[in-house]
Structure formats: structure tokens, C-alpha cells
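K.L.:
The following block contains a protein sequence and its predicted model.
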Amino acid sequence: MSTKDYVALASVVKAVGSTGGDTGTLIAVVARLGSVFAADNPNYKHEVFVDACGLDYLAETCAVKEAA
């Protein structure tokens, strides 16, 4: 995947979040996408993707740790 793909997916997540989407679900989706992206691209930076999605990185990280 390219940066353009990551940006497009982040904009979709951000749009869903801005329409009142469930934050917990968005965090779970972003975490799973991050796993896929990291496996695909060693230069992938999850914090940057989370920020582009309009989510708080610290909250997203805590939610992933609790779910694990």
C-alpha cells in the first residue's frame, strides 16, 4: 500500500468519527488496520495514522492494551 492509500483510509475513519461513530469501534478498526499496515510497510508510523484518523494516540493505545 502507498501513503495515498493510508491517507484515504484515514480520511474515511475521520469522516465516520465526525458523524458520531462509536469511538470504541473506530479505535478497534484503526488498531487492526495498523497491524496490517505495519506488516506491509516497515516504515509505517502508527501514531501518524491515528492522528490522521482524528483519534487520540494515547487513548487508542490504552484501548488496544486493555483489549489484548
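P.N.:
Received, thanks.

K.L.:
What residues does D40 make contact with?
P.N.:
By Cβ atoms under 8 Å, 6 or more residues apart in numbering, the residues touching D40 are M1. (Glycine included, C-beta is placed from N, CA and C.)

K.L.:
change the start of the numbering to 408 and stick with it
P.N.:
Okay, residue one is now 408; in that scheme the one you just asked about reads as D447.

K.L.:
confidence score at it?
P.N.:
For D447, the pLDDT comes out at 92.

K.L.:
Relative to G441, how far out is it?
P.N.:
As judged by Cβ to Cβ, to the nearest Å, D447 and G441 stand 11 Å apart.

K.L.:
Which residue lies nearest the spatial centre of the chain?
P.N.:
V437 (2.9 Å; Cα atoms, centre = their mean).

K.L.:
how distant is the helix or strand where that residue lies from the center of its chain?
P.N.:
For V437, the host element (DSSP states H and E) is helix 430-447. Offset of helix 430-447 from its chain centre (Cα atoms, centre = their mean, to the nearest Å): 5 Å.

K.L.:
And the helices in the chain?
P.N.:
For the chain, applying DSSP state H gives helices covering 410-425, 430-447, 453-459, 464-474.
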